[in-house]
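# Take a look and give me a structure for this.
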Amino acid sequence: MAELKFEIEKKIGVIGTGSKGWNKEINLVSWNGRNAKVDIREWDEEHEKMGKGITFTKEELISLKNILNSLELENMDI
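Presented below is the predicted three-dimensional model:
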């Protein structure tokens, strides 16, 4: 299996801290030399180990933003 290569091109923000003490972050990440995508996942402090995550293209991120903006979070039982 080939080694996974990544480069965090821009740190956008921390959403919270998970049970392992890792930060759940939003970053702009290039995977295996490809164009960077917005990435949400947990990272250790050194950004050497990571949890499973999800990546978004710009178009997908715009769709997600529109969906989240339409939610009335105050009225949700979450």
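# how many neighbours does K11 have?
Residues within reach of K11, counting by other C-beta atoms under 10 Å, total 13. For the C-beta atoms, the positions are set from N, CA and C on the backbone; glycine is no exception.
# Against K24, how distant is the residue nearest to the spatial centre of the chain?
When C-alpha atoms, centre = their mean is applied to the chain, the residue found nearest the centroid is I40 (1.1 Å). Using C-beta to C-beta, to the nearest Å, I40 is found at 7 Å from K24.
# list residues touching both of these two?
I15 (C-beta atoms under 8 Å, 6 or more residues apart in numbering).
# surely G18 meets E42?
Yes. Look at G18 against E42 with C-beta atoms under 8 Å: they come within range, at 4.9 Å.
# Show me which of the two is the more surrounded one.
E42 (20 against 13).
# give me the element the more buried one is part of.
Using DSSP states H and E, E42 sits within strand 37-43.
# got the contact list for that strand?
Under the criterion C-beta under 8 Å, 6+ apart, residues 12, 15, 18, 20, 22-31, 49-58, 61 lie in contact with strand 37-43.
# May I see the ChimeraX selection of the buried members of these?
Here is the ChimeraX command that selects the buried residues among the contacts of strand 37-43 (16 or more other C-beta atoms under 10 Å):
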select :22,23,24,25,26,27,29,50,55,56
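# Tell me the bridge partners for the residue nearest to V14 when sequence neighbours are not counted.
Among residues not flanking V14 along the chain, N23 sits closest, at 4.9 Å (C-beta to C-beta, 6 or more residues apart in numbering). Beta bridges link N23 to T17, W43 when assigned by DSSP bridges.
# correct me, but N23 touches G16?
Yes. Using C-beta under 8 Å, N23 is in contact with G16, at 7.5 Å.
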